[in-house]
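A.B. asks: The following comprises the amino acid sequence and a computationally predicted model.
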Amino acid sequence: MKTRGLLDRKGELFAYLEGNILFTLDGEATGRLEGEFIIDMIGNRIWRVEGDGVYAIESGEAIGYFSESSPDIR
């Protein structure tokens, strides 16, 4: 399955998206991509996604960005 890395503002990988599920680097599911939002495991919107950018919902502060799609990065 193709994955996309989630990099912080410094360009460091801290999570990845596999399909529409967001995982920590330890492989723990932590949320999912639903439309234009990252939703946590209990259904709360935590970040907004615009293109490849990921932003805090309230402040609009940049969290990071998604990398290009690639084969399994695990």
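C.D. replies: Nice, thanks for sending it over. Numbers count the residues shown, from 1 in each chain.

A.B. asks: make it CA atoms for all contacts and neighbour counts henceforth
C.D. replies: Fine.

A.B. asks: from memory Glu50 sits against Gly35, does it?
C.D. replies: No - using C-alpha atoms under 8 Å, Glu50 makes no contact with Gly35, being 10.1 Å away.

A.B. asks: Quick check: pLDDT value at the most centrally placed residue in the chain.
C.D. replies: The residue lying closest to the centre of the chain (C-alpha atoms, centre = their mean) is Leu6, at 5.0 Å. Looking at Leu6, its pLDDT is 97.

A.B. asks: excluding its backbone neighbours, what's nearest it?
C.D. replies: Excluding the flanking residues, the one nearest Leu6 by C-alpha to C-alpha, 6 or more residues apart in numbering is Phe66, at 4.6 Å.

A.B. asks: Pop out the phi and psi values for the residue lying closest to Glu68 once chain neighbours are set aside.
C.D. replies: Of all residues not flanking Glu68 in the chain, Arg4 sits nearest, at 6.0 Å (C-alpha to C-alpha, 6+ apart). Backbone torsions for Arg4, taken as degrees, to the nearest 10, come to phi -130, psi 130.

A.B. asks: Tally up the residues packed near Arg4, please.
C.D. replies: Look at Arg4: counted by other C-alpha atoms under 10 Å, it has 22 neighbours.

A.B. asks: My guess is it contacts Ser67. True?
C.D. replies: Yes - if you go by C-alpha under 8 Å, Arg4 and Ser67 touch, sitting 5.4 Å apart.
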